[in-house]
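Participant: based on what follows, work out the 3D shape:
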Amino acid sequence: MGLDATEMVVTSTRQVIPPGMDFSYVRTQDSLEGDSNLKSLLTSDRNNRRHLPPIWSKIMRFFTNPHKPTILALSRSNPKTNVTTLLKASGECRPLQEPANMGLILLTLILGNRDDIEEMSNSSLAVLTTVLKIINKYDLYDQVAYPKHHKQSKVLEIYRFAAKTKGDFINPTLVEPFGLTLIEASAYGLPIVATENGGPVDIVKVFNNGLLIDPHDQKAIADVLLKLVLTKTCGLIV
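Facilitator: Numbering: from 1, shown residues only. Here you go, the predicted model:
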């Protein structure tokens with residue numbers, strides 16, 4: 001009865017679409033973001049730079065060159081989010097880590113909030129510890145941002161940062177039943193890369209703005225990262 005009285009039903013996955021409803025007509029809208037990129041904002045007068053969102057500064061301080069496209073991953077610090085496989089894929093991809101290409105890929109990892117690492121839950125601590133070990137092992141210090149804090153109300157500013165760098169959004173989680181972050185990223189004009197397990201299959205089909213990956217296949221993830229880099233830097237699809 002409630003569905004019969006509604007004017008609009010918003011959903012992401014085929015599993016939760018009410019029987020008989022058809023969403024094939026849904027089309028994406030152009031992003032409301034302006035054309036100015038991050039570099040143009042940073043090189044403008046200092047008064048404008050002072051008004052940049054604080055979370056942008058928290059991210060940019062990790063990078064030697066923050067003007068380059070960033071690949072954004074936003075999730076909880078949980079083993080199921082599979083962010084460690086994403087990092088390994090970047091660190092072990094030889095073409096990405098060759099001297100001529102180092103720094104072409106910037107990863108921004110938003111993994112919740114933390115104060116004292118020793119006070120984190122065991123699962124979150126295990127993920128962060130592994131992240132730090134991978135960064136150290138492959139010397140990714142100026143290629144990966146992992147800020148400690150962000151306000152939930154400012155998450156949209158993080159998407160906007162990635163959009164201003166002409167970046168992408170990636171969700172490599174093992175299973176994604178819904179995919180809200182993918183919809184949010186799409187609203188900011190970010191191309192998406194997502195797990196092939198769950199809701200992203202329907203989202204990519206509707207929005208037609210991304211790629212699906214096997215989250216267990218590290219090489220496939222590395223290939224996608226390389227494709228994104230070459231597409232933006234050389235205009236090529238490999």
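
Participant: hey, C-alpha coordinates of the one helix or strand residue 158 maps to in PDB?
Facilitator: Assigned by DSSP states H and E, residue 158 belongs to helix 155-164. The C-alpha trace of helix 155-164 is given here as PDB (Å, rounded to 0.1, in the frame of the first residue of the first chain):
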ATOM      1  CA  VAL A 155      31.900  13.700   2.600                       C
ATOM      2  CA  LEU A 156      30.600  15.400  -0.500                       C
ATOM      3  CA  GLU A 157      33.600  17.700  -0.400                       C
ATOM      4  CA  ILE A 158      35.800  14.600  -0.800                       C
ATOM      5  CA  TYR A 159      33.900  13.600  -3.900                       C
ATOM      6  CA  ARG A 160      34.300  17.100  -5.200                       C
ATOM      7  CA  PHE A 161      38.000  17.000  -4.500                       C
ATOM      8  CA  ALA A 162      38.400  13.900  -6.700                       C
ATOM      9  CA  ALA A 163      36.200  15.500  -9.400                       C
ATOM     10  CA  LYS A 164      38.400  18.600  -9.400                       C
END
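
Participant: mind telling me what element the closest residue to residue 118 other than its chain neighbours is part of?
Facilitator: In space, residue 118 comes closest to residue 125 once its chain neighbours are excluded; the distance is 7.9 Å by Cβ to Cβ, 6 or more residues apart in numbering. All C-beta atoms are positioned from the backbone trio N, CA, C, and that covers glycine. For residue 125, the enclosing helix or strand under DSSP H and E is helix 122-137.

Participant: hmm, who's touching the host helix or strand of residue 193?
Facilitator: Secondary structure assigned from DSSP H and E places residue 193 in strand 192-195. The contact list for strand 192-195, computed with Cβ atoms under 8 Å, 6 or more residues apart in numbering, reads 82, 168-176, 179, 182, 185-186, 200, 203-204, 207, 209-215, 224, 228.
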